[in-house]
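K.L.:
any chance you can model this:
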Amino acid sequence: MFGGIPFEHFAHGGGGGGSFGGGRGGSAEPPDTTKLYETLELEKDATAKDIKKAYFRLSKVHHPDKGGDAHKFKEISAAYEILSDPEKRKQYDEYGLEGVDDEGGAQQRGEDLFSMFFGGGRGNGRARGPRKGPSVNHPIKVSLEDLYNGKTVKLAVNRKVIIGDAKECEKCNGRGAIMEVRQIGPGMITQMQRTCPSCQGQGNTAKTKSERQVLEVHIEKGMKHEQKITFRGMADETPGMETGDVNFIIQEKEHELFKRKGADLLVTKDISLNQALTGFTWKIKHLDGRQVVIKTRPGQIIECETTDAESGRTLPYITMVKDEGMPSLGNPFVKGNLYIAFHVKFPQKLEPDVIKQLRMILPDADIEEEYDPEQVEEHFMDVADLRHFGKGGAVSQQSEYDSDDEDRQGGVQCQQS
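P.N.:
Alright, predicted model coming up:
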């Protein structure tokens, strides 16, 4: 009537004369439904957008072509393949890897999912070890100065620790789930599996207490936004499971002067036309407290803008000070570069005597055209907005006239005698 062996998801080798041995996986342990999320460093309630962002971020770090670990990259790709598919994710959340490990999936990729994530297949007789409990993520706001110089901060975390020994849950007999039978109509029943409310799906119960622990979080020079600092086994203790980790996620604060990308820094500078042509000196306070003076070379001209050779786009004029960027993570003696983007401010008006001097000093002065004011039209320019280009003239009125003409033509009929 039900199209399968009753209680098959609770199948185990002992008891019952083996009548439930055909179940999914044949194990008394509840399925692991967290490993793929841990691989992508996500919580189980992650959105599809979170999954995609995590995959692209981690695949860049662990790609073999960029010096990453090939097996780790394969795990990340497999986890993304499953969790990015709504149907596969649903199967995984309910049955674990066995719910998605079919012949058309991982087997064709040449590696069993269980071997990939747990270091051994289902049929090799080796125990996979206890599952890992959930990890806890704590954001930590860090200034750009601290990421430049490095810093150690002490942070307190509260965690649950187990008192005494864990016991098998009596309600679900250690399976982590219970089966409910419900009547859906006359002579018709259905059975549903749900998480055991007593042990919250863990299969074990234990008394716990709250413990406060102070952790020293070391922020290394050159660390980046969203980078993770991990304390292994410092999350809440869970009966029958390996303790999860506490992760501090760096949140880089915005800086009033510097913008950062990788190991490079960018600052913007407004200068006058005079400074752009004759040179300037600019003193700034760097992230380590040094007073740094930036200046033009003799005769160096700062242009108003430049054109990108590849895209043809107009960009701000950029200069660079070598080795004055951020220290590199793991090798702080190698630094990025400091880039400067310029905005040249032109004067709004010049006096006649100044104009005369500039004509004499600057190259390529205007050669005035010879003309008779009585024979030509003279026009002076006003400041304009390019967004208004194409909107001049009596466009709306002309459209109305055209419409009237069409109506008149459509209403004329030839009179025949």
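
K.L.:
so in terms of bridging, what pairs with residue 229?
P.N.:
Beta bridges link residue 229 to residue 248, judged by DSSP bridges.

K.L.:
make residue 1 into 58 and carry on from there
P.N.:
Yes, from this point I'll number from 58; that puts the last item at residue 286.

K.L.:
residues in contact with it?
P.N.:
Counting by CB atoms under 8 Å, 6 or more residues apart in numbering, residue 286 makes contact with 197, 274-276, 304-305, 307. Bear in mind the C-beta positions are built from the backbone N, C-alpha and C, glycine included.

K.L.:
so what touches the longest strand along the chain?
P.N.:
Taking DSSP state E as the assignment, the strand of the chain that covers the most residues is strand 208-225. The list of residues contacting strand 208-225 from outside it, by CB under 8 Å, 6+ apart, reads 193, 195, 197, 199, 231, 260-276, 291-294, 296-297, 303, 305.

K.L.:
for PyMOL, what selects the buried ones among the residues you listed?
P.N.:
Written as a PyMOL command, the selection of buried residues from the contacts of strand 208-225, which uses 16 or more other CB atoms under 10 Å, is:
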select buried, resi 193+199+231+260+261+262+263+265+272+274+276+291+292+293+294+296+297+303+305
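
K.L.:
inside strands: which ones of the contacts of strand 208-225?
P.N.:
Among the contacts of strand 208-225, the subset assigned to strands under DSSP E consists of 193, 195, 197, 199, 261-276, 303, 305.

K.L.:
thinking again about what came up before, so which bits of the longest strand of the chain are buried?
P.N.:
By 16+ other CB under 10 Å, the buried positions in strand 208-225 come out as 208, 214, 216, 219, 223.

K.L.:
quick one: that strand to strand 261-276, angle?
P.N.:
Here strand 208-225 runs at an angle of 170 degrees relative to strand 261-276 (axes from the mean of the first three to the mean of the last three CA atoms, to 10 degrees).

K.L.:
quick check: angle from strand 208-225 to strand 193-199?
P.N.:
Here strand 208-225 points in a direction 170 degrees away from that of strand 193-199 (the same axes, to 10 degrees).

K.L.:
after strand 208-225, next one along is what?
P.N.:
Along the chain past strand 208-225, the next helix or strand (assigned with DSSP states H and E) turns out to be strand 234-242.

K.L.:
just the C-alphas of that next one, formatted as CSV.
P.N.:
Written as CSV, here are the backbone C-alpha positions of strand 234-242 (Å, rounded to 0.1, in the frame of the first residue of the first chain):
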residue,chain,number,x,y,z
ALA,A,234,14.2,11.0,14.4
ILE,A,235,10.8,9.5,15.1
MET,A,236,8.1,8.2,12.8
GLU,A,237,4.6,9.4,13.2
VAL,A,238,1.5,7.5,11.7
ARG,A,239,-1.4,9.7,10.8
GLN,A,240,-4.8,8.9,9.4
ILE,A,241,-5.6,10.9,6.3
GLY,A,242,-9.0,9.4,5.5
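
K.L.:
which stretches of the stretch 308-457 of the chain form strands?
P.N.:
Assigned by DSSP state E, counting those that start in this stretch, the stretch 308-457 of the chain shows strands spanning 316-318, 321-329, 338-342, 348-352, 362-364, 371-378, 384-385, 388-392, 395-402.

K.L.:
number of nearby residues for the residue nearest to residue 379 when sequence neighbours are not counted?
P.N.:
The shortest distance from residue 379 to any residue that is not its chain neighbour, by CB to CB, 6 or more residues apart in numbering, is 5.4 Å, and that residue is residue 394. The local packing count at residue 394 equals 15, with neighbours defined by other CB atoms under 10 Å.

K.L.:
before we move on, what about residue 200?
P.N.:
15.

K.L.:
swap in residue 344?
P.N.:
Count around residue 344 with other CB under 10 Å applied: 21.

K.L.:
okay, the buried residues of strand 208-225 in a markdown table with pLDDT and distance to residue 131 next?
P.N.:
Formatted as a markdown table, the buried residues of strand 208-225 follow (pLDDT from 0 to 100; distance: CB to CB, whole Å):
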| residue | pLDDT | distance to residue 131 |
| --- | --- | --- |
| 208 | 95 | 36 |
| 214 | 92 | 33 |
| 216 | 92 | 33 |
| 219 | 89 | 35 |
| 223 | 82 | 34 |
